[in-house]
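>>> generate coordinates for the sequence data below:
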Amino acid sequence: MKQNKPTFSIIIPIRIENDYLKETLFHLSLQSYKSFEILVITDKISGSANPAQKRNHGAKIAKGKYLAFLDDDSYPSKDWLKNSFKYLNKHPNTAAVCGPCLTPPQNNIYQKSSGLLWASHLGSGGAGTYRNSISPPRYVQDFPSVNLIVKKKYFDLINGFDTYHWPGEDTILCLNLINLGKKIYYHPSIQVFHHRRAILMSHLQQIRRYALHRGNFARIFPKTSLKIGYFGPSLSILYTTLLFLLFFTKKFTFTYGYISIILLFPFILYIFLLLITFVIFLKNKNSFFLSLLTIITIPVTHVYYGILFIYGFFKKKLDFTPHSVNSKTGDYLGG
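Numbers count the residues shown, from 1 in each chain. Next up, the predicted model:
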């Protein structure tokens, strides 16, 4: 829906059109709040630009007071704009609002497993739980651009998205808003449904990008990325390596009594938390297979993330690699 002076400009970066985009546009047509325009920025418009460049291009031609960012593989709930408008105006000093990115009910079990992992405290280390499940309202310092609505005047003031980093351009945008002295408000009613990367390869390819950039950002943008939750998997890798070396050199035996128990305690605690998380999954009426698949995937994800986070932390420069796409379907390749 395009109007002369819309309240919202919805910006969707995409390489070429696909079925997900059609789904997104359908759900936008159902919005209860009608004052908006839709700007789909394809390669035909921007060339083979990265998502940040496409979003910035959309922002330059946007007529709305608020810039509402979506990914092409996400779609909003009916009252997405209505609730966004409410909280953009209700809270003073707020530059942006956001809300949970939920797993679509039509996703297959391997996609749902990825979503369940992201939404769990153990799976995401607590750092991303509120991003992927319905959680209490709060102010946040960092939020992905799959469901981020920003006041255009502040977006323009900070010169939009950083065009070098991806992923991570949204982290830098949020940091720049905070450095202006502004706030980012999360509310559970501002809901978007985000199609997940299927377990296991596509999921891990996505984890690779996140881990490398978050590790790098922990060093170069410590204000919002130097947090213990992000370091958890890497610390676990170092701990496990230490245990392995002690066993391998035969310097660790159970004859040391309390010392052995203390050294093994983090490992025992982790196994216990996996079991508790499995019970929580079942209690929340997830299927046994879905719960089991997710529990198996959590430690695999932690190991993979932990190793790449360390690499990203010490890497001086990370290169941006754009998605490849299937020329026939428009679907992204490589997670």
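>>> going forward, measure contacts between C-alpha atoms and count neighbours the same way
Noted.
>>> Provide a list of residues in contact with the most centrally placed residue in the chain.
Nearest residue to the geometric centre of the chain (C-alpha atoms, centre = their mean): Pro144, 5.2 Å. Applying C-alpha atoms under 8 Å, 6 or more residues apart in numbering, we find Pro144 in contact with 170-171.
>>> can you map out the helices along the stretch 201-335 of the chain?
Under the criterion DSSP state H, counting those that start in this stretch, the stretch 201-335 of the chain contains helices at 201-220, 222-225, 228-248, 258-283, 288-314.
>>> now mean neighbour count and mean pLDDT too, for those, in CSV please.
Shown next, in CSV, are these (neighbours: other C-alpha atoms under 10 Å; pLDDT from 0 to 100):
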stretch, mean neighbour count, mean pLDDT
helix 201-220, 20, 94
helix 222-225, 16, 90
helix 228-248, 15, 86
helix 258-283, 14, 89
helix 288-314, 19, 97
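>>> which one of the ones you listed lies nearest to Leu157?
Relative to Leu157, the nearest member of the helices of the stretch 201-335 of the chain by C-alpha to C-alpha is helix 222-225, separated by 20.0 Å.
>>> and the closest one, how far out from the chain's middle?
16 Å (C-alpha atoms, centre = their mean, to the nearest Å).
>>> repeat that for stretch 269-279.
Counting by C-alpha atoms, centre = their mean, stretch 269-279 is centred 24 Å from the centre of its parent chain.
>>> just the CA atoms of it, as CSV, please.
Extracted in CSV, the C-alpha atoms of stretch 269-279 (Å, rounded to 0.1, in the frame of the first residue of the first chain):
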residue,chain,number,x,y,z
LEU,A,269,26.1,-28.9,35.4
TYR,A,270,25.9,-28.6,31.6
ILE,A,271,24.6,-32.1,31.2
PHE,A,272,22.0,-31.4,34.0
LEU,A,273,20.9,-28.2,32.2
LEU,A,274,20.5,-30.1,29.0
LEU,A,275,18.2,-32.6,30.7
ILE,A,276,16.2,-29.8,32.4
THR,A,277,15.9,-28.0,29.0
PHE,A,278,14.6,-31.2,27.5
VAL,A,279,12.0,-31.6,30.2
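>>> picking up where we left off before, and the residue nearest to the centre of the chain, how far is that from Leu88?
From Pro144 over to Leu88 the distance is 17 Å, taken as C-alpha to C-alpha, to the nearest Å.
>>> also Pro299?
Distance from Pro299 to Leu88, by C-alpha to C-alpha: 38 Å.
>>> same question for Ile237.
Separation of Ile237 from Leu88 (C-alpha to C-alpha): 42 Å.
>>> I figured Asp162 hits Glu169, correct?
Yes: here Asp162 reaches Glu169: they are 5.4 Å apart, a contact under C-alpha atoms under 8 Å.
>>> give me the common contacts of the two.
Common neighbours of Asp162 and Glu169 (C-alpha under 8 Å, 6+ apart) are Ala52.
>>> which of the two has more neighbours?
The neighbour count for Asp162 versus Glu169, taken as other C-alpha atoms under 10 Å, is higher for Glu169 (21 against 18).
>>> need the contact partners of stretch 100-108.
Under C-alpha under 8 Å, 6+ apart, the answer for stretch 100-108 is 112, 115, 130-135, 146-147, 187-188, 190-196.
>>> Glu37: what secondary structure?
Under DSSP: H, G, I helix; E, B strand; the rest coil, Glu37 falls in the strand class.
>>> show me what it is bridged to.
Ser9 (DSSP bridges).
>>> burial measure for it, as a count.
23.
>>> so it touches Leu25, yeah?
No: contact criterion C-alpha under 8 Å: Glu37 and Leu25 do not qualify, at 11.2 Å.
>>> and for those two, which residues touch both?
Joint contacts of Glu37 and Leu25 (C-alpha under 8 Å, 6+ apart) do not exist.
>>> could you dump the helices of the stretch 201-335 of the chain into CSV with distance to Lys151 added?
Formatted as CSV, those follow (distance: least, C-alpha to C-alpha, whole Å):
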stretch, distance to Lys151
helix 201-220, 25
helix 222-225, 21
helix 228-248, 29
helix 258-283, 38
helix 288-314, 32
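>>> now for those helices, which one comes closest to Ser48?
helix 201-220 (19.3 Å).
>>> helices or strands up against the closest one?
helix 222-225, helix 288-314 (3 or more C-alpha pairs under 8 Å, 6 or more residues apart in numbering; DSSP states H and E).
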